[in-house]
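Enquirer: This is a predicted model, with the sequence first.
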Amino acid sequence: MLLRLICVATLLLPGPLLHGQTSLASRYQLFGGYSYLSNSLNGVSGSRQSLNGWDAAFAIPPWHNLRAKFSAFGYNGTNLGAPQHPYFVMGGGQYGKTFGRESAFVEAMAGSGNVNANWAPGGKIGGTASFSAIVGGGLDTPLSRRFAIRVSGDYQYAYFRSRLSFIPHTDEPIYVTGLPTDYFRLSTGLVWRF
């Protein structure tokens, strides 16, 4: 749904307002596209399942090739009889360089991950929030003066815990071991430079 809104906004905004800026490198960037996550949150060894979803990001004009970047991405899927609907909101930096027509960048961001409560194996209740961080990079290939195709790959860390049960006669939870914390994230889509 968010991707559709970004596409509609891109088509409806008036072009004459965009002619005032001169350098593409000094422009804002709005990105929207597809995202792939290498494993589900409950993907223990032997039950790994990748997730597919959406990705959206906004970056301000750079200062010495370094931009502030804000990103949101989410996924949908099912694994071990449990729905998986995680989404992440992050902020950080993106350092970029232009080589001919291509632009390469590296990025580092941190933020919050959130997920539906019944994501744990068998649909059991698990933690719904986690600190998350990504480090990676990508490449922008221009399609026109204002638009480019972006491909990026990131290492992502997120630590969601799932409660298995409680220790008898105490309130201390027993947590499921072996849940993934390290993921590979791949994104591709369209960048609008304005």
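Expert: Noted; the coordinates are in hand.
Enquirer: drop to CA atoms for contacts and neighbour counts, all remaining ones
Expert: Noted.
Enquirer: need the next SSE after the lowest-mean-pLDDT helix or strand in the chain, C-terminal direction.
Expert: The weakest-scoring helix or strand in the chain, judged by mean pLDDT, DSSP states H and E, is helix 2-12 (a mean of 47). Note on helix 2-12: by DSSP states H and E, the next helix or strand toward the C-terminus is strand 29-37.
Enquirer: Now that following strand - C-alpha only, CSV.
Expert: C-alpha atoms of strand 29-37 as CSV (Å, rounded to 0.1, in the frame of the first residue of the first chain):
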residue,chain,number,x,y,z
GLN,A,29,16.1,11.2,-2.6
LEU,A,30,12.8,9.3,-2.2
PHE,A,31,13.0,5.5,-2.7
GLY,A,32,10.3,2.9,-2.9
GLY,A,33,10.5,-0.8,-3.8
TYR,A,34,10.7,-4.5,-3.1
SER,A,35,12.7,-6.0,-0.1
TYR,A,36,13.8,-9.6,0.6
LEU,A,37,14.8,-10.8,4.1
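Enquirer: Run through the neighbouring helices and strands of that strand.
Expert: Under the contact definition 3 or more Cα pairs under 8 Å, 6 or more residues apart in numbering; DSSP states H and E, strand 29-37 sits against helix 2-12, strand 51-59, strand 66-79, strand 182-193.
Enquirer: For this structure, give me the ranges with low pLDDT.
Expert: 1-26, 164-175 (pLDDT under 70).
Enquirer: got a list of what the residue nearest the centre of the chain touches?
Expert: Central residue of the chain (Cα atoms, centre = their mean): Phe73, 3.9 Å from the mean position. Applying Cα atoms under 8 Å, 6 or more residues apart in numbering to Phe73 gives the contacts 35, 53-56, 87-89.
Enquirer: Make JSON lines from the residues you listed and add neighbour count and distance to Thr177 to it.
Expert: Conversion of those to JSON lines gives the following (neighbours: other Cα atoms under 10 Å; distance: Cα to Cα, whole Å):
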{"residue": "Ser35", "neighbour count": "22", "distance to Thr177": "27"}
{"residue": "Gly53", "neighbour count": "18", "distance to Thr177": "26"}
{"residue": "Trp54", "neighbour count": "21", "distance to Thr177": "29"}
{"residue": "Asp55", "neighbour count": "23", "distance to Thr177": "29"}
{"residue": "Ala56", "neighbour count": "23", "distance to Thr177": "32"}
{"residue": "Tyr87", "neighbour count": "19", "distance to Thr177": "22"}
{"residue": "Phe88", "neighbour count": "22", "distance to Thr177": "23"}
{"residue": "Val89", "neighbour count": "19", "distance to Thr177": "26"}
